[in-house]
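Engineer: any chance you can model this:
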Amino acid sequence: QADTVSIFSAHSVPTSTVGNYEDEVISASNQLAKKVGLNHWHQAWQSAAPHGQWLGPTVEDAINEALQTGATRIAFVPFGFVSNHVEVLYDNDVECKELVEAKGATYMRAPMPNCNETFLQAMASAIIERIHS
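Structural biologist: Below is the predicted model of the structure:
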């Protein structure tokens, strides 16, 4: 049991189109959790369309699981996104926050890179490298 559980999330996709995406996201989650020493965390998927089969578990499922195991604080890490936009600002900061707080727990979210200079330089370097390869 942990009082704080982290939920790593990325955009869900239809299961018919997954390819390597699911494995790569899960691998990245595992590496991030290990690097920062997290013992209690979940990989979840968000922003699925209301029809068809999409990757799961959903962030809502992960919230409920965390709460059932005694979490009183849930930290969201929407690492599949790189900026504050509707799927972070609304899906996480409104919908997920409401669900967490309705159950008496505390909602937290890691800040997004947005226009962080180091992040932008890394992205530019990756783009330039691809152009020249």
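Engineer: what segments of this structure are strands?
Structural biologist: Remark: strands assigned in the chain by DSSP state E are 4-11, 41-46, 73-77, 106-109.
Engineer: can you list the neighbours in contact with the last one?
Structural biologist: Translated: strand 106-109. The contact list for strand 106-109 (C-beta atoms under 8 Å, 6 or more residues apart in numbering) reads 72-78, 88, 92-93, 96-97, 100-101. Every residue, glycine included, has its C-beta placed from N, CA and C.
Engineer: residue 66 is nearest to which of the strands of the chain?
Structural biologist: Residue 66 lies closest to strand 4-11 among these, at 3.9 Å (C-beta to C-beta).
Engineer: listing partners with orientation, what would you give for that closest one?
Structural biologist: The strands beside strand 4-11 in its sheet (DSSP bridges) come out as strand 41-46 (parallel), strand 73-77 (parallel).
Engineer: I'd like the ones you listed laid out as TSV, including mean neighbour count.
Structural biologist: Shown next, in TSV, are these (neighbours: other C-beta atoms under 10 Å):
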stretch	mean neighbour count
strand 41-46	22
strand 73-77	21
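Engineer: quick one: residues contacting the residue nearest to residue 71 when sequence neighbours are not counted.
Structural biologist: Leaving out its chain neighbours, the residue that sits closest to residue 71 by C-beta to C-beta, 6 or more residues apart in numbering is residue 5, at 4.2 Å. Going by C-beta under 8 Å, 6+ apart, residue 5 touches 40-42, 66, 69, 71, 73-75.
Engineer: please repeat the previous calculation with a cut-off of 7 Å.
Structural biologist: Going by C-beta atoms under 7 Å, 6 or more residues apart in numbering, residue 5 touches 40-42, 66, 71, 74.
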